[in-house]
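A.B. asks: have a look; sequence and predicted model below, questions after that.
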Amino acid sequence: MEEKRAFREQVKRDFVPFAEKLHERRRVRLGLDHLHFEDEGVYFAGGNPKPVGDPAQILEAGRGMYNELSPETGKFMNFMCDNELFDVIGRKTKKTGGYMTYLPDYKSPFIFANFNGTSGDADVITHECGHAFQGWIAAQDPIREHADITMETAETHSMSMEFFTQPWMDRFFGDRAKDYSEMHFEDSCIFIPYGTMVDEFQDIIYDDPSLSPKARNQVWRDLERQYKPHLDYSGNEYYEDGCFWQRQHHIYDCPLYYIDYCIAQTNALQYKAWMDCDYRQAWESYLKLCRLSASDFFTSLLVQVGLNNPFEDGCLREVVKGLEAKI
Ligand SMILES: [Zn+2]
C-alpha cells in the first residue's frame, strides 16, 4: 500500500504535467481551440490510422517483422504461423475479445482475437505476440513454476513489445506509420494517469463501503481534476457529476488489478526511452527479462535487467526526462 501511494505521488507530480503536454499537442494537431471530452481518443482530424491489408497480409507482415527483429522472435513467429496458432479472423457467433493463452502439452502459445480493420488488429501482432513470445521463451525452461508470472510482469512483456516493433509499422500502416507511432506513444503515456486514477478510486471506495452513490461520484470527479485536469465535460451532466467510472468494468469485475497495467506501462516507457538511445541494448535487457520469467520477485527482476523500480521515487521523473528529450 505504501509503495502504491509513493507511485501515485510520482504520477501526480512528475507524469501528469507531461501527459497534459501531450494532450495539448493533440489539441494543436486537431486544430481545436479547446479539447472537449468527446475528443478523448481522437488523434487526427482525418481519423485515427487504420491498418492497410487484409488479415492474411497483416499476419505475413508480422512474420516478416519478427524475422528481422531478432533470431529469437523470428523462430517464434515462424513457429506460430507454421502451426496455425492464430485464431484472429472474425466470424459470426465468435466470442469477442483478444488474448494469448498457453497450451502446455504442446509447449505452445495460442492467440485468439477478432480482427476488425482498426489499429487494434496491429496491436494483436505487437501486444499479444509480446505475451506469446515470452510464453514461447519460458517454455524452454524445464521448471514450469517459472512460467507463473504475475500480471505486471506479463504486461511489461506485451506493452514493451509494442514499442520494440514500432520501426516496422510501415508494414501495417503504410504512409500513416508515423501517425500510428505518434498515436500509440501518446495513448500509452496518457494511460498512466488514467489507470492510476482508477486504482486510487477503488482504494477509496472499497475502504469505505458507507459512501453514498453521490459521494462515490464526487470522489471520481475530484480524482479526474487531479489526474486529467484538461477534461471538460460541459454539456454532459452525467459525466460532470462524476459518473464516467461506470464504464470501467474492472472496478466491478477485478478490483485492485488495474495498477498492474500502470506499473507495466512505466516499464514499457523505460524501454522506449532506452531504445531511443540504444535499441540493441534495450532489446538484450528485454530478452533477459523474458527468459527470467517468474524465477524471481518482480522488483528483483527489474534490478537484474537494469530497469528502475516504478515504486521508487525518481523513476517516473527519469522516464519523462528520457521521453521529453525525443519529442
Ligand atoms: Zn496484455
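C.D. replies: It's in.

A.B. asks: send the alpha carbons of stretch 241-252 over as PDB?
C.D. replies: What follows is stretch 241-252, C-alpha atoms only, in PDB (Å, rounded to 0.1, in the frame of the first residue of the first chain):
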ATOM      1  CA  ASP A 241     -21.500  14.600 -11.900                       C
ATOM      2  CA  GLY A 242     -18.700  12.100 -11.800                       C
ATOM      3  CA  CYS A 243     -20.300   9.000 -13.400                       C
ATOM      4  CA  PHE A 244     -17.600   8.200 -16.000                       C
ATOM      5  CA  TRP A 245     -16.300   5.400 -13.900                       C
ATOM      6  CA  GLN A 246     -19.300   3.300 -14.600                       C
ATOM      7  CA  ARG A 247     -17.800   2.400 -18.000                       C
ATOM      8  CA  GLN A 248     -14.700   0.900 -16.300                       C
ATOM      9  CA  HIS A 249     -15.800  -2.700 -15.700                       C
ATOM     10  CA  HIS A 250     -12.600  -3.600 -13.900                       C
ATOM     11  CA  ILE A 251     -13.900  -1.600 -10.900                       C
ATOM     12  CA  TYR A 252     -16.600  -4.200 -10.500                       C
END
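
A.B. asks: buried residues, that stretch. List them.
C.D. replies: Using 16 or more other CB atoms under 10 Å as the test for burial, stretch 241-252 gives 242, 243, 244, 245, 248, 251. Just so you know, the C-beta spots here come from the backbone N, C-alpha and C atoms, and that holds for glycine as well.

A.B. asks: what does that stretch contact?
C.D. replies: Residues outside stretch 241-252 that contact it (CB atoms under 8 Å, 6 or more residues apart in numbering): 198, 201-202, 216-222, 224, 233, 257-258.

A.B. asks: repeat the analysis, applying 7 Å as the threshold.
C.D. replies: 198, 201, 202, 217, 218, 220, 221, 257, 258 (CB atoms under 7 Å, 6 or more residues apart in numbering).

A.B. asks: among those residues, the buried ones, what's the ChimeraX command?
C.D. replies: Buried subset of the contacts of stretch 241-252, written as a ChimeraX selection, criterion 16+ other CB under 10 Å:
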select :198,201,202,217,220,221,258
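
A.B. asks: mind putting the contacts of stretch 241-252 into TSV with distance to residue 176, pLDDT and secondary structure?
C.D. replies: Shown next, in TSV, are these (distance: CB to CB, whole Å; pLDDT from 0 to 100; DSSP: H, G, I helix; E, B strand; the rest coil):
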residue	distance to residue 176	pLDDT	secondary structure
198	30	97	helix
201	35	97	helix
202	37	96	helix
217	39	98	helix
218	41	98	helix
220	35	98	helix
221	36	98	helix
257	33	90	coil
258	31	94	coil
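
A.B. asks: just name the closest of the contacts of stretch 241-252 to residue 135, please.
C.D. replies: residue 257 (20.1 Å; CB to CB).

A.B. asks: can you pull the contacts of the closest one?
C.D. replies: 151, 250.

A.B. asks: ditto for residue 239
C.D. replies: 37, 233.

A.B. asks: need the pLDDT of the closest residue to residue 166 other than its chain neighbours.
C.D. replies: In this structure, residue 166 finds its nearest non-sequential neighbour in residue 181, 5.2 Å apart by CB to CB, 6 or more residues apart in numbering. For residue 181, the model assigns a pLDDT of 96.

A.B. asks: before we move on, what about residue 90?
C.D. replies: Turning to residue 90, the model gives it a pLDDT of 89.

A.B. asks: same check, this time on the one 4 residues further on
C.D. replies: pLDDT, residue 94: 95.

A.B. asks: with residue 255 instead?
C.D. replies: The model's pLDDT for residue 255 equals 88.

A.B. asks: same question for residue 190.
C.D. replies: Looking at residue 190, the pLDDT reads 97.

A.B. asks: residues in contact with it?
C.D. replies: 19, 22, 23.

A.B. asks: now residue 300
C.D. replies: Counting by CB under 7 Å, 6+ apart, residue 300 has no contacts.

A.B. asks: does it count as helix, strand or coil?
C.D. replies: Under DSSP: H, G, I helix; E, B strand; the rest coil, residue 300 falls in the helix class.

A.B. asks: distance of it relative to residue 289?
C.D. replies: 12 Å (CB to CB, to the nearest Å).

A.B. asks: again with residue 88
C.D. replies: From residue 88 to residue 289 the distance is 26 Å (CB to CB).

A.B. asks: I'd like the contacts of stretch 241-252 as TSV, with distance to residue 305 appended.
C.D. replies: TSV is the format used below for the contacts of stretch 241-252 (distance: CB to CB, whole Å):
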residue	distance to residue 305
198	27
201	32
202	29
217	42
218	42
220	36
221	39
257	24
258	24
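
A.B. asks: quick one, strands of this structure?
C.D. replies: Secondary structure of the chain, counting by DSSP state E: strands at 86-89, 99-103, 108-115.

A.B. asks: packing partners for the first one?
C.D. replies: Meaning strand 86-89. With contacts taken as 3 or more CB pairs under 7 Å, 6 or more residues apart in numbering; DSSP states H and E, strand 86-89 sits against helix 55-69, strand 108-115.

A.B. asks: most tightly packed of the ones you listed?
C.D. replies: By mean neighbour count, with neighbours taken as mean count of other CB atoms under 10 Å, strand 108-115 ranks first of the helices and strands packed on strand 86-89 at a mean of 20.
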